[in-house]
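Asks: coordinates only, sequence not included:
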């Protein structure tokens, strides 16, 4: 992880971390979740129950790069 991501993760509450972890696990099991962002390699997934939105990219080697937003 890069430093800005580590700083942001440190600011999350235990509840927010748990909610984000659930979504990350779901994406790791099924990288096809969400919808394709037209004209990009990105996918957009929103979990309405946990209030988490994730924009991510799956590389050719199946590595997943994630940008997440956790609602209060």
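Replies: Structure's in. What do you need? If you're wondering where the values come from, they're calculated on a predicted model, not measured in any experiment. Numbers count the residues shown, from 1 in each chain.

Asks: packing partners of the helix or strand containing residue 15?
Replies: With secondary structure defined by DSSP states H and E, residue 15 is part of helix 14-29. Judged by 3 or more Cβ pairs under 8 Å, 6 or more residues apart in numbering; DSSP states H and E, helix 14-29 is in contact with strand 42-47, strand 52-58, strand 64-70. C-beta coordinates here come from the backbone N, C-alpha and C atoms, glycine included.

Asks: could you pull up the mean pLDDT of the last one?
Replies: For strand 64-70, mean pLDDT rounds to 72.

Asks: show me what it is packed against.
Replies: The contact analysis (3+ Cβ pairs under 8 Å, 6+ apart) places strand 64-70 against helix 14-29, strand 52-58.

Asks: who wins for proximity to residue 40 among the ones you listed?
Replies: Proximity to residue 40 (Cβ to Cβ) singles out strand 52-58 among the helices and strands packed on strand 64-70, at 8.1 Å.

Asks: tell me the angle that closest one makes with helix 14-29.
Replies: Computed by axes from the mean of the first three to the mean of the last three Cα atoms, to 10 degrees, the angle separating strand 52-58 from helix 14-29 equals 30 degrees.

Asks: may I see the helices and strands packed on helix 14-29 arranged in JSON lines, with mean neighbour count as well?
Replies: Converted to JSON lines, the helices and strands packed on helix 14-29 look like this (neighbours: other Cβ atoms under 10 Å):
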{"stretch": "strand 42-47", "mean neighbour count": "17"}
{"stretch": "strand 52-58", "mean neighbour count": "18"}
{"stretch": "strand 64-70", "mean neighbour count": "14"}
